[in-house]
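Pasting the sequence and the predicted coordinates here, then a few questions.
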Protein chains: 2
Amino acid sequence: MSPAEPQTDTTYELLYWPSIPGRGEFVRLAFEITGTPYRDVSNEQEDGVQEMTSLISSKSTSSSPLFAPPLLRVSHPGAEGKLVIHQTPNILIFLAGKLGLDGGNNEASQAVARQIMLTALDLNNEAHDTHHPVALMEYYEDQKDEALKKAIDFRKNRIPKFFGYFERALKANDSTGHGKYLVGDKASIADIVVWQVLDGLKFAFPKEISAREKEFPVLYGTFYPAFKDQAGIKEYLASSRRMKYSHGVFRYYPELDRQD
Amino acid sequence: MSPAEPQTDTTYELLYWPSIPGRGEFVRLAFEITGTPYRDVSNEQEDGVQEMTSLISSKSTSSSPLFAPPLLRVSHPGAEGKLVIHQTPNILIFLAGKLGLDGGNNEASQAVARQIMLTALDLNNEAHDTHHPVALMEYYEDQKDEALKKAIDFRKNRIPKFFGYFERALKANDSTGHGKYLVGDKASIADIVVWQVLDGLKFAFPKEISAREKEFPVLYGTFYPAFKDQAGIKEYLASSRRMKYSHGVFRYYPELDRQD
C-alpha cells in the first residue's frame, strides 16, 4: 500500500506510555512504513496518558478488559462503538492483514511472518528482563546483582541464539528477499519487529553488538541498513515522532554491556 | 466442529520434548477438545526427539528456520512438502481458524480471543521464570536465591494481576459465556491456554492458589471445573496421553510457594 492510499476512513489510535519508544514502537513502525495516518494519543493529547490508564484500569467498563499497553483503538465511520485491543503481537497481526504487512497471500508465508515476529518479541522481553530480572515494579538499583548475572547470560547465550535464527531466516528467503526482507519481497511485521529489536540492542549493549555484527553479516550488514532506508521509515527516523531510547525496554547501563 | 468430523485428510503432527506437558500441552488441548487426530511424534515414535531436535538445529535445511519447540507439522495429501511452523501462539492461531477455536466469526471477537491467549502465555512464561530467573540453560539449584525473590514477586503481584484480568474477561462475556467461556459461547484458544496455566499453577504453587481461589470465584469456581468437564477434555484428562507435571514449565518447589 502506498502512503497516499490509507484504508478509507478507518481511524487508528495508539495508546501507550508517552515519551519512550517501548512496545508502542512496533505499532508506530507498522503505521509509518505503510504511510497510514494514526494518532499517538499519549504523545499528542494532553490528558492522553490518563485516557490510556483509565482503559487498562481494573475499574474500566470497556467491553473487553485490557491488560496492559500498547492498546490499539480502531473506529469506522458509522460503526457503533470502537474496537480497543491489546497485546503487541495481537495488534500487529490485526494491522498486518489490513496494511499489507502479513507476509504474503498464503497461510504458510503468513505463519512464517508471525513466528519470526513472535520470536523477536521474545528477544525484546528478554532484553527488558536483563535490567528487571526479579520484579517488574521495583527499581533496577534494587536488582542490580541479579541483572548483572542475567545480562551475562543474555549476551553470551541468548543474543547469538536469536541472531543466528534471524540470519538463517534471511538466508532462507534470500532468493526473493535478497537479505533485505525476512519473508517474501516486501516488508512485513517480521521485518518491523526484528529491526526495532536490533536497533534497541545497539543502544542498550553497544559494545556487545559492535563485537557481534560481523558474525551476522546479512542481519547487520544488509537487512539492518536496508530497513532504515525504506520509504516511510527513513522519513520517520529523521522526524521528531521517533523518540529516543531512555528508560523503557532498552536501557543503557554500561555495567551490563560487554566489558572488554 | 464435532469430534467426529476432523478436517479431511489433513495430517497434524506435534513435535515437542517428550514426557512433559510443557508448551506442547496447549497444542495437545486444541486437538483433544476438537477431537482432531494428531501424532505426538516425540512421545509416540522411538526416534521422535531426534526428529524434533534435527528440525530446530542450526544445521537444519528446512525451508524456514525453526527456533524452538513446540513445532507443528501439517501435510495435505497431494501437496508437495510439509508445512512446519513454530511459536506456541502462532501454532494456536494457525489451528484456531481450522478447528473452530478462533473465538467466532468476526475480527473483534477473534482479536479478543488472541489477546487473552497471549496474556495467558505471558503468565506461563513468568511462571517458568520463577525457577529460572537468571539463565535458562543452568540448573535451578544454581539460581535458587534469585528464584526465591522472583517467586515472591510472582505470587504477590503478578498472579493477582493476571487472575484479575481473566476474571474480568469472564464477567465481560457472562451473558453469552456464563462464566464457562472467555469469548462467545464455546471454547476457543483463549480458554485452552488460560485453563492450562491455571492448572499448572495449582501444581506449582498449591498453597498460593488454594489461598487465592476464593478471590476469583468465576475463574476457579465456574470456568476451571467447567473446562475440565467438557467433551474431549474429560476423556483426555483421564487418559495416559495427559502427562504429569514434573520438570517442565510448572515445577513444585515448596520453598517457592506461599509459606503460611
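Here it is on my side, so go on.

Count the neighbours of A:Y253 for me.
15 (other CB atoms under 10 Å in any protein chain shown). All C-beta spots, glycine's among them, are computed from the backbone N, C-alpha and C.

Can I get stretch A:236-247 in PDB, CA atoms only?
Only the C-alpha atoms of stretch A:236-247 are listed here, as PDB (Å, rounded to 0.1, in the frame of the first residue of the first chain):
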ATOM      1  CA  TYR A 236      10.100   8.700  10.200                       C
ATOM      2  CA  LEU A 237      13.500   8.100  11.800                       C
ATOM      3  CA  ALA A 238      14.600  11.700  10.900                       C
ATOM      4  CA  SER A 239      11.400  13.100  12.400                       C
ATOM      5  CA  SER A 240      10.600  14.200  15.900                       C
ATOM      6  CA  ARG A 241       8.000  11.400  16.100                       C
ATOM      7  CA  ARG A 242      10.800   8.900  16.600                       C
ATOM      8  CA  MET A 243      11.600   9.100  20.300                       C
ATOM      9  CA  LYS A 244      15.000   8.500  21.900                       C
ATOM     10  CA  TYR A 245      15.600   5.400  24.000                       C
ATOM     11  CA  SER A 246      15.900   6.200  27.700                       C
ATOM     12  CA  HIS A 247      14.200   4.200  30.400                       C
END
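
Got the domain ranges for chain A?
Segmentation of chain A into domains, based on automatic domain parsing, reads A:11-99, A:107-229.

out of those domains, nearest to B:I192?
Nearest to B:I192, of all these, is domain A:11-99, at 16.2 Å by CB to CB.

Which parts of the stretch 151-260 of chain A are helices?
A:159-172, A:174-177, A:189-204, A:206-212, A:224-228, A:233-238 (DSSP state H, counting those that start in this stretch).

Let me know which of the ones you listed is the nearest to chain B.
For the helices of the stretch 151-260 of chain A, proximity to chain B was assessed by CB to the nearest CB; helix A:159-172 is nearest, at 4.1 Å.

And that closest one, what does it pack against?
helix A:107-131, helix A:189-204, helix A:206-212 (3 or more CB pairs under 8 Å, 6 or more residues apart in numbering or on different chains; DSSP states H and E).

Where in chain A is the helix or strand with the lowest mean pLDDT?
Using mean pLDDT, DSSP states H and E, the weakest-scoring helix or strand in chain A turns out to be helix A:144-153, at a mean of 93.

hang on, the earlier thing: would you turn the helices of the stretch 151-260 of chain A into CSV with mean pLDDT, distance to A:A30 and mean neighbour count?
Formatted as CSV, the helices of the stretch 151-260 of chain A follow (pLDDT from 0 to 100; distance: least, CB to CB, whole Å; neighbours: other CB atoms under 10 Å in any protein chain shown):
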stretch, mean pLDDT, distance to A:A30, mean neighbour count
helix A:159-172, 98, 19, 20
helix A:174-177, 97, 18, 15
helix A:189-204, 98, 6, 24
helix A:206-212, 97, 24, 16
helix A:224-228, 98, 13, 17
helix A:233-238, 98, 11, 15
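
Which residues does stretch A:235-245 contact?
Defining contact as CB atoms under 8 Å, 6 or more residues apart in numbering or on different chains, one finds that stretch A:235-245 is touched by A:19-21, A:25, A:28-29, A:32-33, A:40, A:43, A:200, A:203-204, A:228, A:251-252.

Show the end-to-end separation of that stretch, please.
18 Å (CA to CA, to the nearest Å).

Please compute how far that stretch lies from its chain's middle.
Taking CA atoms, centre = their mean, to the nearest Å, one finds stretch A:235-245 lying 14 Å from the centre of the chain it belongs to.

And stretch A:122-137, by the same measure?
On CA atoms, centre = their mean, the centre of stretch A:122-137 falls 15 Å from the chain's centre.

Now do the buried residues in it.
A:122-135 (16 or more other CB atoms under 10 Å in any protein chain shown).

Farthest-apart pair in those residues, please.
Going by CB to CB, the pair spanning these furthest: A:L123 and A:A135, at 21.1 Å.

Need the contact partners of whichever strand or helix holds A:L14.
Assessed by DSSP states H and E, A:L14 sits inside strand A:11-15. Applying CB under 8 Å, 6+ apart, the set of residues contacting strand A:11-15 from outside is A:24, A:27-28, A:31, A:36-42, A:48, A:51-52, A:55, A:69-76, A:84, A:95.

Reformat the domains of chain A as a markdown table; add distance to B:S239.
Shown next, in a markdown table, are these (distance: least, CB to CB, whole Å):
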| stretch | distance to B:S239 |
| --- | --- |
| domain A:11-99 | 32 |
| domain A:107-229 | 29 |
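
looking at those domains, which is closest to B:V193?
With CB to CB, the closest approach to B:V193 among the domains of chain A belongs to domain A:11-99: 12.3 Å.

Now do the end-to-end distance for that closest one.
13 Å.

What's the mean pLDDT across it?
The pLDDT scores in domain A:11-99 average 94.

chain center to it: distance?
14 Å.

What of stretch A:171-183?
20 Å.

which outside residues touch it?
Against stretch A:171-183 from outside (CB under 8 Å, 6+ apart): A:103-104, A:109, A:112-113, A:116, A:166, A:169-170, A:184-185, A:187-188, A:190-191, A:194, A:218, A:221-223, A:226-227, B:63-65.

thinking again about what came up before, what comes up buried for the strand holding A:L14?
Buried-residue list, strand A:11-15, by 16+ other CB under 10 Å: A:12-15.

And for stretch A:33-50?
So for stretch A:33-50, counting by 16+ other CB under 10 Å, buried means A:33-36, A:38-43, A:45, A:48-49.

rewinding a little: Throw the buried residues of strand A:11-15 into TSV and include distance to B:E208, thanks.
Shown next, in TSV, are the buried residues of strand A:11-15 (distance: CB to CB, whole Å):
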residue	distance to B:E208
A:Y12	40
A:E13	38
A:L14	36
A:L15	32
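
residues near the residue nearest to A:K144 when sequence neighbours are not counted, how many?
In space, and not counting its chain neighbours, A:K144 is closest to A:E255: 7.8 Å by CB to CB, 6 or more residues apart in numbering or on different chains. Counted with other CB under 10 Å, residues neighbouring A:E255 total 9.

was I right about A:E255 contacting A:K149?
No - judged on CB atoms under 8 Å, A:E255 makes no contact with A:K149 at a distance of 11.8 Å.

Contacts only, for A:D257.
A:151, A:155, A:204-208.

hmm, try it at 6 Å
A:D257 makes contact with A:205, A:207-208 under the criterion CB atoms under 6 Å, 6 or more residues apart in numbering or on different chains.

about what we covered before: could you tell me which of the contacts of stretch A:235-245 are located in strands?
A:D40 (DSSP state E).

Need the distance between the two termini of stretch A:171-181.
End-to-end distance of stretch A:171-181 (CA to CA): 10 Å.

From chain B, how far off is A:F26?
14 Å (CB to the nearest CB, to the nearest Å).

how deep is that residue tucked in, by neighbour count?
Neighbour tally, A:F26, other CB under 10 Å: 25.

Columns distance to B:D174 on top of the helices and strands packed on helix A:159-172, output as TSV?
Output for the helices and strands packed on helix A:159-172, formatted as TSV (distance: least, CB to CB, whole Å):
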stretch	distance to B:D174
helix A:107-131	31
helix A:189-204	34
helix A:206-212	49
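
A:K161: which of those helices is closest?
helix A:107-131 (9.1 Å).

okay, the angle between that closest one and helix B:107-131?
Computed with axes from the mean of the first three to the mean of the last three CA atoms, to 10 degrees, the direction of helix A:107-131 lies at 40 degrees from that of helix B:107-131.

so how far is helix A:107-131 from its chain's centroid?
For helix A:107-131, the distance to the chain centre is 9 Å (CA atoms, centre = their mean).

Done for today, thanks.
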